[in-house]
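1. model this:
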Amino acid sequence: MNDKNKEMKTYLWLTVVLLSSAAAVAATLHLTPIDDKIESAQMTGAYKIGDAVSNFNLKNVDGNMVSLNSYSSSKGVIVIFTSNHCPFAKAYEDRILALNNKFASQGFPVITINPSDPSTHQDDSFEKMKERAQIKGYTYPYLVDEAQQTSKAFGAARTPEVYVLLKTGPKFVVQYIGMIDDNPQDPAGATKFYVDEAVTNLIGGKPVVTTMTKPIGCVIKLKD
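-> Numbers count the residues shown, from 1 in each chain. Below is the predicted model:
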């Protein structure tokens, strides 16, 4: 085999390795070109940092309706779009409970919202949501966004995805959007705690340093 053929063979081998690695990473993070297109479409007209959030009124797993306006006495809220079926959402479940346990008493309670279509993922039916909340002992509302209007208004594209809102006068204003921390798979391996840091700063009267991160999770599939 001459040198030119050897170089060509090496080049092809490296190309295959690189493409395989990229595909593996994309599969692990649930990131694909199609997913990115969906995410970009859902982000159109979405809330940005500094935007005031409109009121929403959604059914909780206890059968009662819960609105954002019902938190008017809070300093703010931590809104988390999540679901039953998504492995990333499950991996963050205990961390979401910990956030509420830490910050609810300091004026920043957690509100979780499930925008997932149960016709696509049966684990996200309202009955399954009630079961999950009872099994895990949720200490916060777990709301169903059946019409997906609230998730569309926020621009939520993945589960889990967090919006930290600060009560400013009569309005709730977006201060942070993105991940809970920097390690979706291993809580012990996390080194940056974005939501914790954002809320801690807000409680202390300080600005949020990291205002946006790209959420990693399962794509929220919109109904036709």
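
2. quick one, what contacts A188?
-> By C-beta atoms under 8 Å, 6 or more residues apart in numbering, the contact list for A188 is empty. C-beta here means a position set from N, CA and C on the backbone, and glycine is covered the same way.

3. Helix, strand, or coil at it?
-> The three-state label given to A188 by DSSP: H, G, I helix; E, B strand; the rest coil is helix.

4. confidence score at it?
-> At A188, the model reports a pLDDT of 94.

5. what's the answer for the one 4 residues further on, then?
-> At K192 the predicted local confidence, pLDDT, stands at 97.

6. wait, isn't it in contact with I180?
-> No: between K192 and I180 there is no contact under C-beta atoms under 8 Å: 10.1 Å.

7. These two: which has the busier surroundings?
-> I180 (26 against 12; other C-beta atoms under 10 Å).

8. now the protein, which segments are flagged as low pLDDT?
-> Residues of the chain that meet the criterion pLDDT under 70 lie in 1-45.

9. Now do the helices in it.
-> Under the criterion DSSP state H, the chain contains helices at 3-29, 33-43, 87-103, 126-136, 149-154, 194-203.

10. Tell me which residues of stretch 212-224 come out buried.
-> 213, 215-220 (16 or more other C-beta atoms under 10 Å).

11. Of the residues you listed, which is the nearest to L97?
-> For the buried residues of stretch 212-224, the residue nearest L97 by C-beta to C-beta is G217; the value is 17.3 Å.

12. From what I see, the closest one and R158 are in contact.
-> Yes: using C-beta under 8 Å, G217 makes contact with R158 at a distance of 3.9 Å.

13. Straight-line length of stretch 204-222, end to end?
-> 38 Å (C-alpha to C-alpha, to the nearest Å).

14. how far does it sit from the chain's center?
-> Counting by C-alpha atoms, centre = their mean, to the nearest Å, stretch 204-222 is centred 7 Å from the centre of its parent chain.
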